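**Q** what's the 3D shape of this:
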Amino acid sequence: MHIPRRDKLDFFKLTGKFENFRIANQKVVLSDSSLLIECDQSTNVEKAKEHIDAFFGKKEYQYIETKILKEIVLDKDQIKLIFQNNSHINISV
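**A** Below you'll find the model as predicted:
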């Protein structure tokens, strides 16, 4: 996925304005097209996702999906991402 640098900056500026949303860690995972944002304990994750969805809901970003990750399971030959709705993705490593 390609998001212009200015838009990435706007996104992170926006996250700083969310009430009760504190980023504890952020990582590019699996490829340059994935971003995991770890929130601290005080964050209302559902509310934060609503704001993130609104930002990426713009016409030029409708190809971007946002999901709440519940668990990452590491195995010797794969990574399993388990999402809040219990769907999952297996990635061979």
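**Q** quick one: contacts for residue 7?
**A** The neighbourhood of residue 7, defined by CB atoms under 8 Å, 6 or more residues apart in numbering, consists of residue 61. For the C-beta atoms, the positions are set from N, CA and C on the backbone; glycine is no exception.
**Q** looks to me like it is in a strand.
**A** No - assigned with DSSP: H, G, I helix; E, B strand; the rest coil, residue 7 falls outside any strand and is helix.
**Q** that one and residue 70, how far apart?
**A** Separation of residue 7 from residue 70 (CB to CB, to the nearest Å) stands at 28 Å.
**Q** where in this protein is pLDDT low?
**A** Within the chain, the stretches with pLDDT under 70 are 1-3, 26-34.
**Q** helix, strand or coil for the residue positioned nearest the centre of it?
**A** The centre of the chain sits closest to residue 36, judged by CA atoms, centre = their mean, with a distance of 4.4 Å. Here residue 36 is strand, with the state taken from three-state DSSP.
**Q** separation between the residue located most distally from the centre of the chain and residue 89?
**A** Within the chain, residue 76 marks the point farthest from the mean C-alpha position, 24.4 Å out by CA atoms, centre = their mean. As for residue 76, its distance to residue 89 is 18 Å (criterion: CB to CB).
**Q** equivalent analysis for residue 62, please.
**A** 20 Å.
**Q** neighbour count: the two, which is higher?
**A** Neighbours were counted for residue 62 and for residue 89 using other CB atoms under 10 Å; residue 89 has more, 13 against 9.
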